[in-house]
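> How does the following fold in three dimensions:
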Amino acid sequence: MDKQEITKLQDYLRRKFGNTTIKLTPNPRRKEMIEVTIGDEQIGTLYKDVEDGETSYTVTISILDIDLEDE
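Numbering: from 1, shown residues only. As a prediction, the model looks like this:
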């Protein structure tokens, strides 16, 4: 993904979730993966899929069980 596409996705996610601290950063080791962070915490990954001429994006958010203990 190029910088312009990443910026569009980041702006979309910020609007959708009402959170301006969401940031998308390319992974230097894995070109196909974008890291999703909120503030300074990585919360997930984003991948692009192009199939039959249609483009979709998949965001996977990881929640650790130890993070739930704070609730």
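
> For Ile43, see how far away Ser62 is.
From Ser62 across to Ile43, the span is 7 Å (C-beta to C-beta, to the nearest Å). In short, each C-beta sits where N, CA and C put it, glycine included.

> More neighbours: these two, which one.
Legend: neighbour count by other C-beta atoms under 10 Å for Ser62 and Ile43, higher for Ile43 (16 against 10).

> Off-centre distance for the helix or strand in which the more buried one is found?
Using DSSP states H and E, the element containing Ile43 is strand 41-51. From the chain centre to the centre of strand 41-51 is a distance of 5 Å (C-alpha atoms, centre = their mean, to the nearest Å).

> Show me where the protein has its helices.
According to DSSP state H, the chain carries its helices in the segments 3-17, 65-68.

> just the ones you listed: most buried one?
Highest mean neighbour count of these: helix 3-17, a mean of 13 (counted as mean count of other C-beta atoms under 10 Å).

> so how far is that helix from its chain's centroid?
Distance, centroid of helix 3-17 to centroid of chain: 9 Å (C-alpha atoms, centre = their mean).

> likewise stretch 22-38?
7 Å.

> average pLDDT for that stretch?
Per-region confidence: stretch 22-38 scores 93 on mean pLDDT.

> and that stretch, how far apart are its ends?
Using C-alpha to C-alpha, to the nearest Å, one end of stretch 22-38 lies 5 Å from the other.

> Residues contacting it, please?
Stretch 22-38 has contacts (C-beta atoms under 8 Å, 6 or more residues apart in numbering) with 1, 6, 9-10, 13-14, 19, 21, 42-48, 59, 61.
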